[in-house]
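A.B. asks: What shape does this take:
(one chain, ligands or ions: 1)
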Amino acid sequence: MRSTLMGMLLVMSMILAACGGAAPAPAPAAPAAPESPASGAVGVTTTDIDGISSDITDPPAVFNAEAASQYAGTTLRFYGDAVGLGSDMDKAMAAKFSEETGINVEVLPRPQDATEFYAQIQRFFQAQSTETDVLMMDVIWPGAFAPHLYDVSSIFAEEAQLHYPGIVENNTVDGKLTALPWFGDFGMLFYRTDLLAEYGFDAPPTTWDELEAIATAVQEGERAKGNPNFVGFVWQGAAYEGLTCNLLEWFYSQDGGTFLQDGAVTINNPQAVEALERAAGWVGGISPSGVVSYREEDARNVFQGGNAMFMRNWPYAYSAGNTDDSPIKGVFDVAPLPVTDPGSPAGTVGGWQLAISTYSQNKDAAVEFVRYATSPQMQKWRALVGTFVPTIPIVSEDAEVLEAMPFLQNLSPVVRVTRPSRETGELYNEASTIIFQSANEALLGSTTAADALAQAEQQLQRLVR
Ligand code: GLC
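C.D. replies: Sure thing, here's the model as predicted:
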């Protein structure tokens, strides 16, 4: 048990340490985090996260209710989650906060598509809109949105010390802390344990060739048994940020690099071309033709409906797949995404922060809401209920949290790869758009993988020079 726990802890810290990315990091706004903040930082100890419920209707008590209630009567608008259990959890959290503080929180679900959400936020900020107070920030966005985000460096100096330093550093732009970390993410392979056994395979695939062979066998078998909708493998192939994440995993795991390295555009290389050709070959084969317009929830709906053998997705899909009304409850597990030798198994680092708009007219109330929403207590509840990966070591080390996320122990060999957002800063979204649009064209078959990556290379070179 002890070695398992140690292994899981190692995975958790590797995931979160990776968040800072490889690019040069600006000076952190907050003082460096202590080696082991197991207790002491802002007076939070492990006993503060004892007795947290795992019930979606029972979020933790609002520990800062007294300070917050001086802003009673204020209404906050919060762009919260829209996938898996996230939206219901945000509503429950907001209701609890309102009940105990008298601050109303209107929860607006973000567009499910991260690229659409980016565009929406960009419009808000261009208009200096006062309509939004608190909003989710993708791990790749601080460089782009920093000028529009309220500087919480001194307000949350102590809270920042609770989190893994890599993420705090990621959220710090030119010395300004733009947001507090909310949860981490990483790509992983979901598979059906029952079907694996039924078709005579004794372990999930470790190579892409094996994945293709198993997907083909199970797809043929299930269709022959009378389910014409059954498919081998679902993932995110639409022209949006999620495809950039999938692509990074395909490339890295097949020795094709990470798009841009040390200031040079490396996206167009023979291994990357082969990896993209391989993925294009899945479309209409082991993957449905429609996968070229799939986002996270499209993939989850097929897999959770019992109609796919494999799925690439984020940890939120684990809790969603295990709810009482889920057809696949208890018959799926998680493994590292496969490789092709000499690549390494890869999981793209994702994750979300909570930021306050600099145009908000309710910043004090927003600060109290974010303090509660990102706290160790809340992160524990979110881990237990929604398998959202904590960004706070004392929460990730908690035995109940580790038990709620048993899949973590299978992921120890995985390399956490980061998208080049630190390197490209405010240009990241443009860089990613070039990448996912070119790749999507190759998946659609309207161009070859080689031409798609040559085109992406040229456009990226113009962008970053
Ligand atoms: C997940 C990740 C986020 C990523 C997005 C892409 O929400 O946490 O970092 O950008 O998926 O779809």
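A.B. asks: Kindly list the main-chain dihedrals of the residue in the chain that the ligand sits nearest to?
C.D. replies: Of all residues in the chain, the one sitting closest to the ligand is Gly350 (2.6 Å; Cβ to the nearest ligand atom). C-betas here are computed from N, CA, C, even on glycine. Backbone torsions for Gly350, taken as degrees, to the nearest 10, come to phi -120, psi -160.
A.B. asks: go on, Gln458?
C.D. replies: phi -60, psi -50.
A.B. asks: and this structure, which of its residues are near the ligand?
C.D. replies: With Cβ under 6 Å from any ligand atom as the criterion, the chain meets the ligand at residues 114, 138-140, 185, 241-242, 245, 296, 314, 350-352.
A.B. asks: Output those residues in TSV; the columns should cover secondary structure, pLDDT and neighbour count.
C.D. replies: Below are the residues of the chain next to the ligand laid out as TSV (DSSP: H, G, I helix; E, B strand; the rest coil; pLDDT from 0 to 100; neighbours: other Cβ atoms under 10 Å):
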residue	secondary structure	pLDDT	neighbour count
Ala114	helix	97	23
Asp138	strand	98	24
Val139	coil	98	25
Ile140	coil	98	26
Asp185	strand	97	22
Glu241	helix	98	25
Gly242	helix	98	28
Cys245	helix	98	27
Glu296	helix	98	25
Trp314	coil	98	27
Gly350	strand	98	24
Gly351	strand	98	23
Trp352	strand	98	24
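A.B. asks: hang on, the earlier thing: was I right about the residue of the chain closest to the ligand contacting Leu248?
C.D. replies: No - with contact defined as Cβ atoms under 8 Å, Gly350 does not reach Leu248; the gap is 10.5 Å.
A.B. asks: By mean pLDDT, which helix or strand of the chain comes out lowest?
C.D. replies: helix 2-17 (a mean of 52; mean pLDDT, DSSP states H and E).
A.B. asks: if we can go back for a sec, how about the contacts made by the closest residue in space to the residue of the chain closest to the ligand that isn't next to it in sequence?
C.D. replies: Ranked by Cβ to Cβ, 6 or more residues apart in numbering and with sequence neighbours excluded, the top spatial neighbour of Gly350 is Asp185, at 3.3 Å. By Cβ atoms under 8 Å, 6 or more residues apart in numbering, the contact set of Asp185 is Val139, Trp314, Pro315, Tyr316, Val349, Gly350, Gly351, Trp352, Val389.
A.B. asks: and if we set it to 6 Å?
C.D. replies: Trp314, Gly350, Gly351 (Cβ atoms under 6 Å, 6 or more residues apart in numbering).
A.B. asks: and Arg77, how far is that from Leu135?
C.D. replies: 9 Å (Cβ to Cβ, to the nearest Å).
A.B. asks: Show me which of those two is the more surrounded one.
C.D. replies: Leu135 (26 against 20; other Cβ atoms under 10 Å).
A.B. asks: Determine the three-state secondary structure at the more buried one.
C.D. replies: Of the three states, Leu135 takes strand according to DSSP: H, G, I helix; E, B strand; the rest coil.
A.B. asks: right, and it touches Asp81 too?
C.D. replies: No - applying Cβ atoms under 6 Å as the test, Leu135 and Asp81 come out as separate, 11.1 Å apart.
A.B. asks: in the helix or strand harbouring Val349, what's buried?
C.D. replies: Assigned by DSSP states H and E, Val349 belongs to strand 346-356. By 16 or more other Cβ atoms under 10 Å, the buried positions in strand 346-356 come out as Ala346, Gly347, Thr348, Val349, Gly350, Gly351, Trp352, Gln353, Leu354, Ala355, Ile356.
A.B. asks: any idea which of those is the one closest to Ile49?
C.D. replies: Closest to Ile49 out of the buried residues of strand 346-356 is Leu354 (18.7 Å), distances taken as Cβ to Cβ.
A.B. asks: you'd agree the closest one is up against Pro181?
C.D. replies: No - the criterion here is Cβ under 6 Å, and Leu354 misses it with Pro181 at 8.2 Å.
A.B. asks: Return the residues in contact with Gly285.
C.D. replies: Counting by Cβ under 6 Å, 6+ apart, Gly285 has no contacts.
A.B. asks: Okay, it and Gly445: tell me how far apart.
C.D. replies: Gly285 is 12 Å from Gly445, by Cβ to Cβ.
A.B. asks: Give me the spatial nearest neighbour of Val234, chain neighbours excluded.
C.D. replies: In space, and not counting its chain neighbours, Val234 is closest to Ala299: 4.1 Å by Cβ to Cβ, 6+ apart.
A.B. asks: my guess is the one you found is in a helix, correct?
C.D. replies: Yes - if the criterion is three-state DSSP, then Ala299 is within a helix.
A.B. asks: quick one: it and Glu368, what's the gap?
C.D. replies: Remark: distance between Ala299 and Glu368 (Cβ to Cβ) = 36 Å.
A.B. asks: ok, now Asn170?
C.D. replies: Taken as Cβ to Cβ, the span from Asn170 to Glu368 is 24 Å.
A.B. asks: Of those two, which one has the most company?
C.D. replies: Of the pair Asn170 and Glu368, Asn170 is the one with more neighbours under other Cβ under 10 Å, namely 29 against 23.
A.B. asks: The helix or strand that contains Leu76: what's the following helix or strand?
C.D. replies: Secondary structure assignment for Leu76, by DSSP H and E: strand 75-80. On the C-terminal side of strand 75-80, the nearest following helix or strand under DSSP H and E is helix 86-101.
A.B. asks: residues near Ala264, how many?
C.D. replies: Considering only other Cβ under 10 Å, Ala264 is surrounded by 9 other residues.
A.B. asks: what's the spacing between it and Ala431?
C.D. replies: Taking Cβ to Cβ, one finds Ala264 at 13 Å from Ala431.
A.B. asks: now swap in Glu241 and tell me
C.D. replies: Applying Cβ to Cβ to Glu241 and Ala431 gives a distance of 11 Å.
A.B. asks: Please enumerate the strands of this structure.
C.D. replies: 75-80, 104-109, 134-138, 172-173, 176-177, 180-186, 188-192, 231-234, 260-261, 264-265, 308-313, 332-335, 346-356, 415-417 (DSSP state E).
A.B. asks: would you turn these into a markdown table with distance to Val62?
C.D. replies: Converted to a markdown table, those look like this (distance: least, Cβ to Cβ, whole Å):
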| stretch | distance to Val62 |
| --- | --- |
| strand 75-80 | 14 |
| strand 104-109 | 11 |
| strand 134-138 | 15 |
| strand 172-173 | 27 |
| strand 176-177 | 23 |
| strand 180-186 | 16 |
| strand 188-192 | 33 |
| strand 231-234 | 39 |
| strand 260-261 | 43 |
| strand 264-265 | 48 |
| strand 308-313 | 32 |
| strand 332-335 | 33 |
| strand 346-356 | 15 |
| strand 415-417 | 33 |
